[in-house]
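In: Turn this into a structure:
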Amino acid sequence: MTDDLVVKANLAHQRAMAMTRLLDCGMDYADASRLHARASEGEPWDVIAEAIAAERLAQADRAEAEGRVVTAAEARRRGIAALVFAQMAFNFDEPRKVELYRKLIAACGRLGPVFDLPFERVETEFSEKRLIGWLVRPASLAARGTVILFGGQSGWGAAYLPLARELARRGLATILAEGPGQGETRIEQGLYLQEGIEAAFGRWVDFIVADPSLGTPGIWGNSYGGLWAARTASSDSRIGACCINGSFARPAILPFRTAFEQSAAMIGSEDRAVIEAVMAKLRFDPTQQRIACPLLILHGGADPLVTLEDQQPFLDAATGEAVLHVWPDGEHTIYNHSFERTALVADWFAARLGPAA
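Out: Numbers count the residues shown, from 1 in each chain. Okay, the predicted model is just below:
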């Protein structure tokens, strides 16, 4: 890639991965600042983020070898966050993205022994392949409920580890789910976004109800993931509460190169007609699909992608409790009010997914 192309790519990365998003997903402020500063100087985004991750993971290894497990866990979490954003520089599953995602998976695998919460990789069968996720339990192991938590076109799995920690502090477990078209489920299993996505997330509901220690299932979808959460909640009465954070009820290809590429990668086709056909089948229609469980909708007034009108069909579908919370200056999925957002949602789930275990 030429210097001009690197600069152009980095400007796009800085818009898509703003400081607020980096911090929300667990990067250290100093690391996030270095990433943006060095990207502004023309270094490739993925190379910088990978180097930052390597430093943090090496720090974790030294601390673990010396018995300093708290420091080891904190450094490893920051290294994981840096790898989340290193791989995000690529939309398609080219060799470099696959390499970085495998490093991310390996780093997550080494977090468990030093983490202050039970943390393990989990799988469940779907369409003759495997859905991949990470299960985070509260320190007590038994949970009052378990939230299936996921993102949309680019934020997956371990990106939501900071949110899972806050849920655990309230006695809730979390499955950091990677659905069809996302993360390891896509890269290693070859499962792509398709009509009937709710059946895939329903398999995580099966996983939860099969284990009494996981309590009542809840579901929390961010960005496009909110649409899939809504579809799942409307089709599965076992779900005890649903949160939708900044999503489209009627998905479409957004008018940006990155958005098209991410949609193409999720669906497994660069044919615009194919992508549009899949998205048409994923639309949420409140006249046909109803949500009976408690529903929480989050919206950012400064979201450049999703309008409140885009989310109105979810509210129209509610047959019971429905709450809309708006941050007038909120960015997409409320990166810039991460503490307030996460506290609000975690408390809300804790109040609705059953008594303390």
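In: Sketch out the low-pLDDT regions of the stretch 51-200 of the chain for me.
Out: Along the stretch 51-200 of the chain, segments meeting pLDDT under 70 are nowhere present.
In: Show me the helices in it, by range?
Out: All helices of the stretch 51-200 of the chain, identified by DSSP state H, counting those that start in this stretch, fall at 69-87, 95-109, 161-169, 183-187, 197-209.
In: who touches the first one?
Out: Outside helix 69-87, the residues within contact range by C-beta atoms under 8 Å, 6 or more residues apart in numbering are 17, 22, 25-28, 31, 35, 45-46, 49-50, 52-57, 59-61, 63-64, 97, 100-101, 103-104, 107-108, 110-111, 114-116, 155, 158-159, 161. All C-beta atoms are positioned from the backbone trio N, CA, C, and that covers glycine.
In: Now do it against helix 95-109, angle only.
Out: Orientation of helix 69-87 against helix 95-109 (axes from the mean of the first three to the mean of the last three C-alpha atoms, to 10 degrees) gives an angle of 160 degrees.
In: Likewise for the third one?
Out: Compare the direction of helix 161-169 with that of helix 95-109 by the same axes, to 10 degrees and you get 20 degrees.
In: which residues touch the spatially most central residue of the chain?
Out: Compute the mean C-alpha point of the chain, and by C-alpha atoms, centre = their mean the closest residue is G151, 3.1 Å away. Each residue near G151 by C-beta under 8 Å, 6+ apart is listed here: 159-160, 182, 221-225.
In: Compare those residues and tell me which is most surrounded.
Out: Top of these by neighbour number is G225, holding 30 neighbours under the definition other C-beta atoms under 10 Å.
In: Provide the secondary structure category for that residue.
Out: Assigned by DSSP: H, G, I helix; E, B strand; the rest coil, the conformation of G225 is helix.
In: Give me the distance between it and G190.
Out: 20 Å (C-beta to C-beta, to the nearest Å).
In: try V274
Out: Taken as C-beta to C-beta, the span from V274 to G190 is 16 Å.
In: and what of I291?
Out: Separation of I291 from G190 (C-beta to C-beta) stands at 31 Å.
In: which of these two has more neighbours?
Out: When I291 and G190 are compared for neighbours, I291 comes out ahead with 27 against 11, by other C-beta under 10 Å.
In: List phi and psi for the more buried one.
Out: Backbone torsions of I291, given as degrees, to the nearest 10, read phi -120, psi 110.
In: wouldn't it be in contact with F314 here?
Out: Yes. Between I291 and F314 there is a contact under C-beta atoms under 8 Å: 7.2 Å.
In: where do the contact lists of these two overlap?
Out: A230.
In: which residues in the stretch 151-300 of the chain form strands?
Out: Taking DSSP state E, counting those that start in this stretch as the criterion, the stretch 151-300 of the chain contains strands spanning 172-178, 216-222, 242-245, 295-300.
In: Format those as a markdown table; extra columns: distance to G320.
Out: Converted to a markdown table, the strands of the stretch 151-300 of the chain look like this (distance: least, C-beta to C-beta, whole Å):
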| stretch | distance to G320 |
| --- | --- |
| strand 172-178 | 21 |
| strand 216-222 | 14 |
| strand 242-245 | 11 |
| strand 295-300 | 8 |
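In: right, and the ones you listed - which one's nearest M266?
Out: For these, the distance to M266 is smallest for strand 172-178, at 11.5 Å, taking C-beta to C-beta.
In: Return the distance of the residue of the chain most remote from its centre relative to V114.
Out: Distance from the C-alpha centroid of the chain peaks at E66, with 32.8 Å (C-alpha atoms, centre = their mean). In this structure, E66 and V114 are 12 Å apart, going by C-beta to C-beta.
In: what's the answer for E99, then?
Out: 24 Å.
In: And for P251?
Out: Computed as C-beta to C-beta, the P251 to V114 distance reads 39 Å.
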